[in-house]
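# what shape does this take:
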Amino acid sequence: MIMKYLKYITNALFLGLLMYSCGNPTGDNEPNNTIEEASDVVFGEEFSLTIDPVKDVDWFKVNVKKQGYIQVQSANKVEGVQLEVSFAKYQEWDEQKAKRIRGWRPVPDALFVQEPGDYYLTLKDEWDDGSSKEEFLVKINFLDEFDPTEPNNKIEEAKLISFDEQLLAGIYPVGDKDWFKVNVPAQGYLEIAAKNVPEAVQPEVRFVIYDEWSDPQIKIIRDWGKIPEACFVSDSGEYYIEMHDAWDDNAIPQAFDIKVSYTPEFDAFEPNNSTEQAKMIEPGKTYQIAIFPKGDMDYFKFIAPNEKVKVFVKDHEGVQLDMKLLSENPDQEGKYITELKWTRLPVEIEVEKEKEYILVIHDAWDDNQSKKLFQLKIE
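Here you go, the predicted structure:
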């Protein structure tokens, strides 16, 4: 009799386990296919999920107490499924319940959050065409804020910084963009330097002017360049610096040091970076000029004194100087003809006596610069 009851008990336990297994085929908090069904997750606790069947999506919810980063990681890969994640907020009273705050990106990924509250995330296959009964082991962590300049992900949030102030900044998560602004007293040069930069990122910057009443609001005055970088500014005022990873595909939750400095103008001919800004010089006189920052091109006008002229340079440390010669196109006002293509200085050239020319000087590869003034002379 005892054996008979044990058999009934054993069968009942087996049936119960079978029913539980059928109701929870993956043990991954199903059903959680909508934001309303999102499973609560505790930061730092590992859990499992499967992407099965094809087009399966799994929703999870975390509660954030302060500014920082929600980080999603997987301890393993599953053949046939490329796990990706998207973040959202829940809109209880809207027809569209899920308000996306971050688009789809491969796992691992992270989201910057400024406000406390509930945040939702979805996990699925990248192309919605893969599935597997094999489980992913997933962990969602919360990282405390480590970048004291955040939030500064929009130009409207740009942090006002002082010249020569050493700051901590970071590029995290992937796609992070940091904005800074400075007040410039007069024409001169902005320079940004960095140290202790993690190998995982390659920070680069661009310099812009911002006017919320203009169209476009942002005017680029120097486009993306790797740090250290410098920019010529022609007037006093407020200038903005945007920093990001060179390809927006790397990030690391680690701050590094940056510093922005200002140098007053030291080249008396600036601005002379176009034909319209070309400055007149006289043959026979010696002038002090500089090629700074990288990519600087200096334009000078002169009247040829003879059929041949020589262009000399002296004390040009740190730069390899090339020049080209332009003359005005008689058939198109404001247009110029190239009389001499880029040639290494010094050089002797044939010209038309009493004719006006424009001399353009730059570093041979536009990859060097120097604040030191060098001498230029035409004879």
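# can you pull the phi/psi pair for the residue most central in space within the chain?
What sits nearest the mean C-alpha location of the chain, by C-alpha atoms, centre = their mean, is H244, with 2.3 Å. Backbone torsions for H244, taken as degrees, to the nearest 10, come to phi -160, psi 180.
# ok, which stretches of the stretch 201-350 of the chain are strands?
203-210, 218-226, 229-233, 237-245, 256-264, 279-280, 286-289, 297-303, 308-314, 321-328, 336-344, 347-350 (DSSP state E, counting those that start in this stretch).
# ok, residues contacting the third one?
What it means is strand 229-233. 184, 187-192, 204-205, 207, 221-222, 239, 270-271, 273, 292-294, 296, 369 (C-beta atoms under 8 Å, 6 or more residues apart in numbering). All C-beta spots, glycine's among them, are computed from the backbone N, C-alpha and C.
# average pLDDT across that strand?
The average pLDDT within strand 229-233 is 98.
# residue contacts, V81?
I51, D125, G130, S131, S132, F136.
# quick one: which of those is most hemmed in?
Compared across the contacts of V81, I51 has the highest neighbour count, 28 neighbours, by other C-beta atoms under 10 Å.
# that residue reaches K124, doesn't it?
Yes - assessed by C-beta atoms under 8 Å, I51 is found in contact with K124 at 6.3 Å.
# next, show the common contact partners of those two.
D58, L83.
# select, out of the strands of the stretch 201-350 of the chain, the one closest to Y120.
Of all those, strand 237-245 sits nearest to Y120, with 26.5 Å by C-beta to C-beta.
# list of residues touching the closest one?
For strand 237-245, the external contacting residues (C-beta under 8 Å, 6+ apart) are 155, 158, 169, 171, 174-184, 190, 192, 201-210, 218, 221, 227, 231, 233, 251, 258, 260.
# now, of those, which are buried?
155, 158, 169, 171, 174-176, 178-182, 184, 190, 192, 201-210, 227, 231, 233, 251, 258, 260 (16 or more other C-beta atoms under 10 Å).
# how much space separates the residue nearest to the centre of the chain from A158?
H244 sits 14 Å away from A158, taking C-beta to C-beta, to the nearest Å as the criterion.
# alpha carbons of stretch 236-244, as CSV, please.
Taking C-alpha atoms only, stretch 236-244 is exported to CSV below (Å, rounded to 0.1, in the frame of the first residue of the first chain):
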residue,chain,number,x,y,z
SER,A,236,35.6,87.6,-29.4
GLY,A,237,32.5,85.7,-28.3
GLU,A,238,31.1,82.3,-27.3
TYR,A,239,32.5,79.2,-29.0
TYR,A,240,31.5,75.6,-28.7
ILE,A,241,33.5,72.4,-28.8
GLU,A,242,32.0,69.0,-29.5
MET,A,243,33.8,65.8,-28.6
HIS,A,244,33.1,62.2,-29.5
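# quick one: buried residues of it?
Y239, Y240, I241, E242, M243, H244.
# now do the helices in the stretch 1-150 of the chain.
2-23 (DSSP state H, counting those that start in this stretch).
# low-confidence stretches in it?
Within the stretch 1-150 of the chain, the ranges that satisfy pLDDT under 70 run 1-29.
# rerun that using 80 as the cut-off
By pLDDT under 80, the weakly predicted segments of the stretch 1-150 of the chain are 1-30.
# that older thread, closest one to K77 out of the contacts of V81, please.
For the contacts of V81, the nearest to K77 is F136 (8.3 Å; C-beta to C-beta).
# bridging residues for the closest one?
L49 (DSSP bridges).
# got the contact list for it?
Contacts of F136 (C-beta under 8 Å, 6+ apart): S48, L49, T50, I51, S74, N76, V78, V81, L83, L123.
# and the last one, what does it touch?
This means L123. Applying C-beta under 8 Å, 6+ apart, the residues near L123 are L49, I51, V57, D58, F60, V72, L83, E84, V85, V107, F136, V138.
# quick one: which of those has the most company?
I51 leads the contacts of L123 on contacts (other C-beta under 10 Å) with 28 neighbours.
# got the domain boundaries for the chain?
According to automatic domain parsing, the chain comprises the domains 28-144, 155-264, 275-378.
# is the residue nearest to the centre of the chain bridged to anything, and to what?
Beta bridges link H244 to K177, E204 when assigned by DSSP bridges.
# and it, what pLDDT?
On the pLDDT scale, H244 gets 98.
# how near is it to V201?
Applying C-beta to C-beta to H244 and V201 gives a distance of 9 Å.
# who touches both of those two?
I171.
# tell me, how many neighbours does the residue nearest to K55 when sequence neighbours are not counted end up with?
Once flanking residues are discounted, K55 sits nearest to D128: 4.9 Å by C-beta to C-beta, 6 or more residues apart in numbering. Other residues lying near D128 total 13 when counted by other C-beta under 10 Å.
# quick one: secondary structure of E156?
Under the three-state scheme (DSSP: H, G, I helix; E, B strand; the rest coil), E156 adopts helix.
# for burial, what's the neighbour tally of it?
Around E156 there are 10 residues (other C-beta under 10 Å).
# now swap in G284 and tell me
G284 has 9 nearby residues by other C-beta under 10 Å.
# excluding its backbone neighbours, what's nearest it?
G284's closest residue in space is E379 (C-beta to C-beta, 6+ apart), at 6.2 Å.
# the one you found contacts P283, correct?
Yes - in this structure E379 lies within contact range of P283 using C-beta under 8 Å: 6.1 Å.
# which residues do those two both contact?
Joint contacts of E379 and P283 (C-beta under 8 Å, 6+ apart) are V309.
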